[in-house]
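Trainee: this one's structure only:
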């Protein structure tokens, strides 16, 4: 058996174990999680307004309900929440005829 590669293999395995251990113990979470919650009506398969925007810390603390999403002063039905690299929130306003991309500003009706 050729053993000339064993030290390198042992070194690679040791490095992998060290990396795996560091990934198991993550640093304290700092992310804010955002979500949307629409109203369901009994057996209707579709959601309905109002849709509330909420957030909480990644560890489950600091829940904030921003209230109903509104457009032109009226509550809307929304879905498909996303965030860009600048922290801006986007979603889709749902209507009977389809959906429209919207920008969502927490705390602003």
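Mentor: Nice, I can see it. Nothing here was measured: the structure is a model prediction, and the numbers come from that model.
Trainee: I'd say residue 39 and residue 46 touch.
Mentor: No - with contacts counted by Cβ atoms under 8 Å, residue 39 stays clear of residue 46, the gap being 10.3 Å. (Glycine included, C-beta is placed from N, CA and C.)
Trainee: quick one: which of these two has more around it?
Mentor: Neighbours per residue, other Cβ atoms under 10 Å: of residue 39 and residue 46, the larger number sits with residue 39, 13 against 10.
Trainee: which SS class is that one?
Mentor: Per DSSP: H, G, I helix; E, B strand; the rest coil, the secondary structure class of residue 39 is strand.
Trainee: One more: the one 3 residues further on?
Mentor: Here residue 42 is coil, with the state taken from three-state DSSP.
Trainee: Show me which helix or strand of the chain is least confident by mean pLDDT.
Mentor: One helix or strand of the chain scores below all others by mean pLDDT, DSSP states H and E: helix 6-24, with a mean of 44.
Trainee: Please compute how far the longest strand seen in the chain lies from its chain's middle.
Mentor: Longest strand in the chain, counting residues (DSSP state E): strand 47-57. When C-alpha coordinates are averaged (Cα atoms, centre = their mean, to the nearest Å), strand 47-57 and its chain have centres 13 Å apart.
Trainee: what's that strand packed up against?
Mentor: Strand 47-57 is packed against strand 32-40, strand 64-68, strand 74-75, strand 77-83, with contacts defined by 3 or more Cβ pairs under 8 Å, 6 or more residues apart in numbering; DSSP states H and E.
Trainee: out of these, nearest to residue 102?
Mentor: Each of the helices and strands packed on strand 47-57 was scored for nearness to residue 102 using Cβ to Cβ, and the closest is strand 77-83 (6.9 Å).
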